[in-house]
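1. here's my sequence, what's the structure:
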Amino acid sequence: MTSTAESLTTQDDSASPEVRTLAERVFQQLQQDIVRGDLAPGSKITEPGLAKAYGISRGPLREAMRRLEAHRLIQRVPHVGARVVQLSMKELLELFDLREALESMAARLAAQHMTADEIQGLRDVLAVHESQSDLKRGEAYYQREGDLDFHYRIVQGSHNKMLMNLLCDDLYYLVRLYRTQFSASGTRPQRAFVEHHRIVDAIEAGDEELAELLMRRHVSASRTNVADRYAATLAAQAHALAPANGKKTTTNKK
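-> Below is the predicted model:
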């Protein structure tokens, strides 16, 4: 784990007072570590263990864990305790089905409601990511968050509060976890980048149907890519846990 107590005490002091509270810092650090895979999916977590690892008291940690549970990043299992979320393949596909429906709707609404300044903000985000070397390594925007997240900004641009609540709060970190761990490699980031530019063009042109269609195709392609990589990961985990299949040798006694 890369997180340390030092990382919690060296946050940017220019952040808002809310972010500077210890519980908020703990939440931000834990969600970052879960999203990046430093706290592995399915791994058991305990308050004493986290308190020791992060150098914090149990009170702020409990509050942070409640928020992580609300954001669906940890699960409490009866008689087992808390674990980092690990979706089944069925649950993962359901999550992306929901994304496809809701984000395509957000793109349609964005084509209706986004202001010129908001659209320019989208182009600025793409320009920032395009200038960074991590795009060439197949990472890029998947590591970004909040206002630097292309999808987040489009949902905000829909000006629909219910969509914002669902996609920018309730499901945001869970979606980001699987995008980060299973999309940020290979050629998918570069292809996604081209798709992003086309979506912005449709939004700027006010073409609601095209913006909706392009976003639906974009999320569907991401769904296929993530599902394939997740299936490979699950298969590798199953293989690693499987007992050796070596044949026992027997000898016949005369």
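2. so for the spatially most central residue of the chain, what pLDDT did the model give?
-> Centroid-nearest residue in the chain: Arg176, 1.1 Å away (criterion: C-alpha atoms, centre = their mean). The predicted local confidence for Arg176 comes out at a pLDDT of 84.
3. what's the helix or strand for it?
-> Secondary-structure assignment from DSSP states H and E places Arg176 in helix 172-183.
4. check which helices and strands the helix or strand encompassing Gly59 sits against.
-> Gly59 belongs to helix 58-70 when elements are defined using DSSP H and E. Helices and strands touching helix 58-70, by 3 or more C-beta pairs under 8 Å, 6 or more residues apart in numbering; DSSP states H and E, are helix 22-36, helix 47-54, strand 74-77. For the C-beta atoms, the positions are set from N, CA and C on the backbone; glycine is no exception.
5. re the thing from before, for the residue nearest to the centre of the chain, which non-adjacent residue is closest in space?
-> Nearest non-adjacent residue to Arg176, counting by C-beta to C-beta, 6 or more residues apart in numbering: Val35, 5.5 Å away.
6. how far away is that neighbour from Gly81?
-> 21 Å (C-beta to C-beta, to the nearest Å).
7. and what of Phe96?
-> 29 Å.
8. who has more neighbours, those two?
-> Taking Phe96 and Gly81 together and counting by other C-beta atoms under 10 Å, Phe96 has the greater number of neighbours (20 against 12).
9. part of a helix, is the more buried one?
-> Yes: in this structure, Phe96 lies within a helix as judged by DSSP: H, G, I helix; E, B strand; the rest coil.
10. for the helix holding Gly59, the distance to its chain's centre please.
-> A distance of 19 Å separates the C-alpha centroid of helix 58-70 from that of its chain, computed with C-alpha atoms, centre = their mean, to the nearest Å.
11. touching, Glu212 and Met105? I think so.
-> Yes: Glu212 lies in contact with Met105 (C-beta atoms under 8 Å); the separation is 7.1 Å.
12. more neighbours: those two, which one.
-> The neighbour comparison of Glu212 against Met105 (other C-beta under 10 Å) goes to Glu212, with 21 against 18.
13. which helix or strand contains that one?
-> Residue-wise, Glu212 maps onto helix 208-241 under DSSP H and E.
14. what's the angle between the helix holding Gly59 and helix 22-36?
-> If you take axes from the mean of the first three to the mean of the last three C-alpha atoms, to 10 degrees, helix 58-70 sits at 50 degrees to helix 22-36.
15. just the CA coordinates of helix 58-70, formatted as PDB?
-> Below are the C-alpha coordinates for helix 58-70, written out as PDB (Å, rounded to 0.1, in the frame of the first residue of the first chain):
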ATOM      1  CA  ARG A  58     -11.000   5.400  15.100                       C
ATOM      2  CA  GLY A  59     -13.500   8.300  15.100                       C
ATOM      3  CA  PRO A  60     -12.600   9.900  11.800                       C
ATOM      4  CA  LEU A  61     -12.000   6.500  10.300                       C
ATOM      5  CA  ARG A  62     -15.500   5.300  11.200                       C
ATOM      6  CA  GLU A  63     -17.000   8.400   9.500                       C
ATOM      7  CA  ALA A  64     -14.800   7.800   6.400                       C
ATOM      8  CA  MET A  65     -15.900   4.200   6.200                       C
ATOM      9  CA  ARG A  66     -19.500   5.200   6.400                       C
ATOM     10  CA  ARG A  67     -19.000   7.400   3.400                       C
ATOM     11  CA  LEU A  68     -17.100   4.700   1.600                       C
ATOM     12  CA  GLU A  69     -20.000   2.300   2.200                       C
ATOM     13  CA  ALA A  70     -22.500   5.000   1.000                       C
END
